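In: Got a predicted structure here, sequence first:
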Amino acid sequence: MKTTITKAGGFVRAVEVEAIAAVPGLYQVQFSSQLDSSRNPLEWKNNFALILTQEDLETLRDVFSAALPVRA
């Protein structure tokens, strides 16, 4: 599932989380971007990736949740 997380001017950043089928319990988290002024503005450039366990993803979720204010 690729999701856009920010857009600023001609720049777009997305993140994608996918289970690694060959290794149950592991997930690849891929950050990528597009830039309108690049040679191929429709091409996604892979910026960096992480391999995480479900526990790692839950920790990351908790970090984000702790940083965000509670919505009423």
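Out: Thanks, I have it.

In: I'd like to know how far residue 4 sits from residue 16.
Out: Distance from residue 4 to residue 16, counting by CB to CB, to the nearest Å: 10 Å. C-beta coordinates here come from the backbone N, C-alpha and C atoms, glycine included.

In: just residue 30 next, same as before
Out: Taken as CB to CB, the span from residue 30 to residue 16 is 5 Å.

In: Between residue 4 and residue 16, which has more neighbouring residues?
Out: residue 16 (15 against 10; other CB atoms under 10 Å).

In: Which residue is the nearest non-sequential neighbour of residue 9?
Out: Excluding the flanking residues, the one nearest residue 9 by CB to CB, 6 or more residues apart in numbering is residue 36, at 7.7 Å.

In: Ok, residue 33 next?
Out: The spatial neighbour of residue 33 that comes closest, neighbours along the chain excluded (CB to CB, 6+ apart), is residue 13 at 5.0 Å.

In: Enumerate every residue touching the residue nearest the centre of the chain.
Out: Closest residue to the average C-alpha location of the chain: residue 15 at 2.0 Å, with CA atoms, centre = their mean. For residue 15, the contacting residues are 2-3, 5, 29-32, by CB atoms under 8 Å, 6 or more residues apart in numbering.

In: Cool, thanks, talk later.
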